[in-house]
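>>> got a predicted structure here, sequence first:
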Number of protein chains: 6
Amino acid sequence: MAFFDLPVPELERYLPDRTERPDFDAFWQSTLADARSFPLDATFTPHPTPFETLEFFDVTYSGFGGQTIKGWFVLPKQRTGKLPCVVEYIGYGGGRGIPAHWMHYASAGYAHFIMDTRGQGSSWRTGDTPDLDGGGPQIPGFMTRGIDQPETYYYRRVYTDAVRAVDAARSHAEVDPDRIAILGGSQGGGITIAVAGLDPTVQAVLPDVPFLCHFERAVTMVDSYPYQEITNYLKIHRSKIDQVFNTLSYFDGMNFAARARGPALFSVALMDTICPPSTVYAAFNHYAGEKTMQVWPFNHHEGGDLDQTMLRLDFLQKVLR
Amino acid sequence: MAFFDLPVPELERYLPDRTERPDFDAFWQSTLADARSFPLDATFTPHPTPFETLEFFDVTYSGFGGQTIKGWFVLPKQRTGKLPCVVEYIGYGGGRGIPAHWMHYASAGYAHFIMDTRGQGSSWRTGDTPDLDGGGPQIPGFMTRGIDQPETYYYRRVYTDAVRAVDAARSHAEVDPDRIAILGGSQGGGITIAVAGLDPTVQAVLPDVPFLCHFERAVTMVDSYPYQEITNYLKIHRSKIDQVFNTLSYFDGMNFAARARGPALFSVALMDTICPPSTVYAAFNHYAGEKTMQVWPFNHHEGGDLDQTMLRLDFLQKVLR
Amino acid sequence: MAFFDLPVPELERYLPDRTERPDFDAFWQSTLADARSFPLDATFTPHPTPFETLEFFDVTYSGFGGQTIKGWFVLPKQRTGKLPCVVEYIGYGGGRGIPAHWMHYASAGYAHFIMDTRGQGSSWRTGDTPDLDGGGPQIPGFMTRGIDQPETYYYRRVYTDAVRAVDAARSHAEVDPDRIAILGGSQGGGITIAVAGLDPTVQAVLPDVPFLCHFERAVTMVDSYPYQEITNYLKIHRSKIDQVFNTLSYFDGMNFAARARGPALFSVALMDTICPPSTVYAAFNHYAGEKTMQVWPFNHHEGGDLDQTMLRLDFLQKVLR
Amino acid sequence: MAFFDLPVPELERYLPDRTERPDFDAFWQSTLADARSFPLDATFTPHPTPFETLEFFDVTYSGFGGQTIKGWFVLPKQRTGKLPCVVEYIGYGGGRGIPAHWMHYASAGYAHFIMDTRGQGSSWRTGDTPDLDGGGPQIPGFMTRGIDQPETYYYRRVYTDAVRAVDAARSHAEVDPDRIAILGGSQGGGITIAVAGLDPTVQAVLPDVPFLCHFERAVTMVDSYPYQEITNYLKIHRSKIDQVFNTLSYFDGMNFAARARGPALFSVALMDTICPPSTVYAAFNHYAGEKTMQVWPFNHHEGGDLDQTMLRLDFLQKVLR
Amino acid sequence: MAFFDLPVPELERYLPDRTERPDFDAFWQSTLADARSFPLDATFTPHPTPFETLEFFDVTYSGFGGQTIKGWFVLPKQRTGKLPCVVEYIGYGGGRGIPAHWMHYASAGYAHFIMDTRGQGSSWRTGDTPDLDGGGPQIPGFMTRGIDQPETYYYRRVYTDAVRAVDAARSHAEVDPDRIAILGGSQGGGITIAVAGLDPTVQAVLPDVPFLCHFERAVTMVDSYPYQEITNYLKIHRSKIDQVFNTLSYFDGMNFAARARGPALFSVALMDTICPPSTVYAAFNHYAGEKTMQVWPFNHHEGGDLDQTMLRLDFLQKVLR
Amino acid sequence: MAFFDLPVPELERYLPDRTERPDFDAFWQSTLADARSFPLDATFTPHPTPFETLEFFDVTYSGFGGQTIKGWFVLPKQRTGKLPCVVEYIGYGGGRGIPAHWMHYASAGYAHFIMDTRGQGSSWRTGDTPDLDGGGPQIPGFMTRGIDQPETYYYRRVYTDAVRAVDAARSHAEVDPDRIAILGGSQGGGITIAVAGLDPTVQAVLPDVPFLCHFERAVTMVDSYPYQEITNYLKIHRSKIDQVFNTLSYFDGMNFAARARGPALFSVALMDTICPPSTVYAAFNHYAGEKTMQVWPFNHHEGGDLDQTMLRLDFLQKVLR
């Protein structure tokens, strides 16, 4: 869609109030502590493929509640010394897929760790990780699963899995634990921001067209999915508006961005009606580390696509090598 | 949509092969036995409303796995003797809502028991019952939740809840346990057929434009939701086609219809692209009890709406009183 | 659709100029006097139904031009003394339907009078009242029937029928003529506001998401039907813009609201593109009686649905009993 | 839409049963006799335009019930002797418009008489003729106005106006009454067929992509307007199916075609979802005069457009000069 | 679509910066000089039609690069003396069609010259003129053909053809070369403005709902075709944004309007999402000759249609006769 | 879309008549001889990327008319001996993009040659090759560019470029000229089949969901682009139907398939409305070499996506190594 959000100069200074409740940090410390009370149990099983230049490994590790999370791990066959590692999170509805999806970062000389997203992995790419908690009445999708309380909300489990994915990547013998980048687009970008706030030691943070930021504005500004799942829920559960936004405050990228420290490369697309520019800037402008915004004026939610991948590789080259 | 399925004379003799596996009955006997191993714990708590002619009760009882299921129970304030009871199941995405949704049957002199549908109750009417099992990777919705195995499939839990709803209704002191009708539209109609097959002692069976029948045809004939959730799943999980249809065979209305015995009033809409006529007739033509089909030639999935409600009341009057 | 109209604080003070012409009151006095020159001829014929708790009556009375208007009248079977009466008007395209549509108010202890809408009653619920005047060239629908002159405009006939419906309800022996509420949603809400201005003696006024208010803004702000029938007419009849808005000024809810006196409960939905919030507030802010606005932030034109019905019953309890 | 109806060889022999009731001819004889009991009162008032090669006249004459019908009449300024005359009927929703719409036939040497369509003339071209009879509850549009009885059906009035238009054209001093062609596209084509059956003395009959033929098939085969107005009506008025098709039998082009005698040039478009090919062939194959079908394989309802106009002029040249 | 652009008072003073580069005039002088270095070779071959009041001629002449351009030329059969001439340009996707498309201006006493548009003439009306230059990678359509450089851009060829069309019209023996009007709608309106700037000697300029004006705003304001072809190009060719707008600056109606001198009648439609009102006013407000704007408030891109044709004829009568 | 074409058993034996004219082979021999009369001039310029495991080369060579065509060439950095080579053609609207698009085949040990498609390379991936011939009036897109004659048709140039791409790939010093595979999806699949027929010496042929097959059926069966460009052309150019299908007969995959000899792996998606199953089977069933069909029952035009890539790699492993 044509330009529909604020003009760029206003976007650049758009700084809505953050929404975190007083116990935001306590909530997450307790959540992560619980998860880390389970052994990480990271396993990396060689997975044969026809790709002769790379080595693929089928990954399992313990995420939220000690539940088993799947992933892929990729190394260039020709390598020397410990490698910087790229941890990648996936967009809404997709899963880890097959090795052929993950060629770029290892071909460019990085270890590459891909986290499967629990329960998803069916809409556009397969996944292999269940989400054991079904939760209360919900709109089809994942945005309102368990949304009545922060403790039961779906993204509590996902963000925790994502922090543990960094732990798992760092645990691999060929990974240099001091050179970790986290990245992802859309939902993967939202998770990236959350992890950047929950683990400020990561060395590079690359969220593209991030989702899960500034919910209040998103759900009243656009009619697009997945944000609209929340709108649809409130359309019927008319009395739960405050309750739902209370829950979401524990998961909003703005609140995590203010706690992050790693150097960051964001991107935004000005015609993106899935993750509207102002919601992306809301997180970016609150982001507390060094940061750069790549603007794609004529793009929708696809953003910079592989052109952005090339910029990511430039950025990683500068920051991690 | 205009007529898109078989002509009526072909519909009337359309009898596709049933799909049940040899252990179909064992699967369900074992499933119900497990559920009945938990105490029913049916409670009926008076619920005040401004409706002076009716009495409403907030219901809980134990469904699949002994999990708590919600419902409503309604009685006419003026009554004498035990009443025949209508047990109602709800369409896809909806929940039990509020008492104001349930005026007709009690106003007509019946006890009325409404079962909430676990996990749903958000898309068009509120519900209050969680579905505790999240399951593997899935398409947004409920059609592919746990679909990789019959044991984990979402509708195993729902059908079991529904059989237990009849148990709960029969357990009420003012209900005549020998005059039970079961009914519902769309998903509610599909559940009705399943219960009719699982508990052939119910005295009246009234499925309208039933869903969950003849999956193989439905998913290759129409592009409409919710059947299309299955198509979308198979579009990505390309290797699971046989596995998915094996699971669905345990939940197909055709297979239950052949085991049902209660006198039945079905309805079908010839322009219904949600539940195509041939899938409805597939169940109807296999139905083993006395049966009548009400055809609505110019209707879509709304079928006969309140005109059908009036026909239902006529039918109940004949069968139950 | 997401928020598309003014922010709530601006809505609350939005007070556009009213549009009535100097002869507005004379036009309506003369119109009503003409209608009242015909005998009311209200008849209430018992109509059998399976609903044992209520009594239904098939109604006829004389509306505009003495033409016969149909309706339903409902009483709780158990009753004592004269009852307060709810007069209900119907949304665009629908008619009085069948008794099963009208369970709530009589079940809650009110007399309930439903006016059929002339000529409509086919799009989503049946009706039984013809509109004898065909009128000049028009867009399909009712919005431009006879629109070239106030005298020939369709809603002159409908609003007059609606005032006479109150007369007919008051004439019933079991109705307390000093406890009349009028209500309706969408078109029914617009008619409610008109009647409130034309008969300021009604005791309660409950318009939900009202249509037929602030036409100039509506037709240039949204592309939705039925307002767009007017846009479509002016798209072709390019020279009639002033003439059409002159006609509409005699039928605009803003102008009636300023003449109303009954205590009112309005509702508005902030995502309603059929009856945009600012057009609803235009009438509400001009409303001259005591008034309350119920805001549904995440709803479209369905507004509060049965949740609003429950609020209506609360309001009626306070005002009429 | 791509080919969706029968293959051409099947179309060419498609001959469904006609539907006329025994009193079909009596109904129309009586209807036309009533109309002809009113004086024709055809007036032709010169209407100035900037077009120097043509003369335009504003027409009025008496149609159904003696009601005043508008039209245009056009003559080439340079002319000698009585002229053959083309009487034209208009597509659904349009009216007579302005003189600039009617350049072709008079420029080609014909008198040209255009009948305005009562009540329409707003959707895509202005009209000036009211339809005085409003009728019972209806779907927005004209297809269900008065549809409960043949006597009150809208098209009874329109077809009668159309027969009287031929009378009016023949009455003009410069028209040769023995060289009359009737033509029109879509609704205009349907009216053309009706007039050809009601007045078999016309010398040329040119219906393009005619509407109003073989209603039973049309309303169950396509979802397009205006046929769908009938479907929508029956969707709600579920009990009136036989009654509605009884009415329509008096207005079906198949039944008129069997009574027509004038040499005819039809056209059909194979991708036409508004007037499906089989409904056009149903009328064509029943047509009792000499006839030719022009097939446009890759066209939708626009058919041959001006390419068809050129073929019409060829045909008229052969038949009328 | 409802009003979506600036309010009318703001439109009337909307004067964005023009975008021409310093060599704008040199670019066009050189371009036209090149074209005029080829002989005009205008031929007018009589073309028989059934229209007895007009004479049609099949036209060829040399346009850009001396390439052969087709057209039609029409004269009233009855005429005396040299005639004023209307040169007409065509909307996007259409071609010169057949003579029956061109009845109005010659019937009103003008010579009428219609230029075919190279390469188009297939989407809604046939054409006969190829565009020999294919150009680099492009979006389907004509908006991005050769867009990487002004020299190769498609509209360089079209605008040059259009200036030569005026030369060809003036060259005809029956045309008064001092009474030339140029006109067209949409793309034809954009070409009209360009020719008015490139040949300020034309006596009347009538662009309706003109396209090809104020590209920067158009492509970021609306999602409609054909402007969106440019958006789509930049969505993929992410690095060419400045390059593309540099090219477009040589073809923007604003820049030509500032160089035009002929008396002008513009029109604009306030609901036009194809050529948004502010882009039309951008050209109009920069227009340097006498000018009038006809506003159609309730119209989309169809603007005034034949009502505008009548206004054009009034305007031509005043200016050219 | 759900199943819309023939059932699979009928697809498997669907063998429509081929359409080649008597001079089909002469046409192509002459076309290729002309192209080969120009020197191939294949250049392979190293192109730096961050991908350390692969080497990329920017390619140019001479295609149709000796015009310069771009491409990419990729080699695994670790390699020994001459490599089998995969020549890839691209889907409609896309171009060669950037190196990051081409990771799989070289990573799996093949030389990989990607041909840019002239004139396209803008709709979803950039390209760099112009199409110098603009051609006659056309529908936006490439399907009707020059369609009036086989000699001028766009795909004559593309297919010739594609044959020369194989020549260029074979000319590379590190490629084993006796182990060439050709492949592509959609348009790339159609080109693959054409090259397989024009150069039967290629050792492996892998067309996925191929386009450009059995045009007569495609354009009358589906409404999807790009086939619909042809329908749209014939909708306006009503007299050119035979002429257009004559041209297309020289470019139909059925006719090339009958001349092909290389072992082939096809794929088809049963819900593919872009390239309907029967058009794919029409080519497959005429294919004269060894052949296998991979059927994807629940897929649309995406077919097997990367799952198909894995099957391709299996097939190549068997056939080329």
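Right, received. Where do you want to start?

>>> report how many residues lie close to residue A:26.
Using other C-beta atoms under 10 Å in any protein chain shown, residue A:26 has 10 neighbouring residues. All C-beta spots, glycine's among them, are computed from the backbone N, C-alpha and C.

>>> quick one: mean pLDDT over the helix or strand it falls within.
Residue A:26 is part of helix A:24-36, with elements assigned from DSSP states H and E. Average pLDDT, helix A:24-36: 98.

>>> quick one: list the elements packing against that helix.
Judged by 3 or more C-beta pairs under 8 Å, 6 or more residues apart in numbering or on different chains; DSSP states H and E, the packing partners of helix A:24-36 are helix A:154-170.

>>> model confidence over the helix it packs on, on average?
In this model, helix A:154-170 has an average pLDDT of 98.

>>> hang on, the earlier thing: compute the inter-axis angle for the helix holding residue A:26 and helix A:154-170.
If you take axes from the mean of the first three to the mean of the last three C-alpha atoms, to 10 degrees, helix A:24-36 sits at 60 degrees to helix A:154-170.

>>> in the longest strand along chain A, what's buried?
Among the segments of chain A that qualify as a strand by DSSP state E, the longest is strand A:175-185. For strand A:175-185, a neighbour-count test (16 or more other C-beta atoms under 10 Å in any protein chain shown) marks A:175-176, A:179-185 as buried.

>>> per-residue pLDDT of the closest residue to chain F within the stretch 101-250 of chain A, please?
Across the stretch 101-250 of chain A, no residue is closer to chain F than residue A:103, which sits at 3.9 Å (C-beta to the nearest C-beta). pLDDT for residue A:103: 98.

>>> that one: neighbouring residues, count only.
Number of residues near residue A:103 (other C-beta under 10 Å) recorded here: 22.

>>> that one against residue A:51, yeah?
Yes - taking contacts as C-beta atoms under 8 Å, residue A:103 lies within contact range of residue A:51: 7.3 Å.

>>> shared neighbours of the two, which are they?
Listed as contacting both residue A:103 and residue A:51 by C-beta atoms under 8 Å, 6 or more residues apart in numbering or on different chains are F:104, F:107.

>>> and the gap between residue A:287 and chain B?
According to C-beta to the nearest C-beta, to the nearest Å, residue A:287 stands 30 Å off from chain B.

>>> now do residue A:138
Taken as C-beta to the nearest C-beta, the span from residue A:138 to chain B is 5 Å.

>>> same check, this time on residue A:283
Separation of residue A:283 from chain B (C-beta to the nearest C-beta) stands at 25 Å.

>>> likewise residue A:11?
Going from residue A:11 to chain B by C-beta to the nearest C-beta gives 30 Å.

>>> tell me which two of the buried residues of strand A:175-185 sit farthest apart.
Using C-beta to C-beta, the buried residues of strand A:175-185 span at most 24.6 Å, a distance reached by A:176 and A:185.

>>> so what's whichever residue of chain A sits closest to chain C up against?
Nearest residue of chain A to chain C, counting by C-beta to the nearest C-beta: residue A:234, 3.9 Å away. With contacts defined as C-beta under 8 Å, 6+ apart, residue A:234 is in contact with A:219, A:240-241, A:244, C:297-298.

>>> now whatever residue of chain A ends up closest to chain E: how far from chain B?
Residue of chain A nearest chain E, by C-beta to the nearest C-beta: residue A:298 (3.9 Å). Counting by C-beta to the nearest C-beta, the gap between residue A:298 and chain B amounts to 30 Å.

>>> give me phi/psi at the closest residue to that residue other than its chain neighbours?
Distances taken as C-beta to C-beta, 6 or more residues apart in numbering or on different chains put residue E:234 closest to residue A:298, at 3.9 Å, once the chain neighbours are dropped. The phi and psi values for residue E:234, taken as degrees, to the nearest 10, are phi -70, psi -20.

>>> does residue A:289 touch residue A:259 like I think?
No - using C-beta under 8 Å as the test, residue A:289 is too far from residue A:259 to be in contact (9.8 Å).

>>> what sits in contact with each of these two?
What both residue A:289 and residue A:259 touch, as defined by C-beta under 8 Å, 6+ apart, is the set A:196, A:200.

>>> neighbour count: the two, which is higher?
Neighbours per residue (other C-beta under 10 Å) separate residue A:289 from residue A:259, with residue A:259 holding more: 21 against 16.

>>> please consider this matter closed, and thank you.
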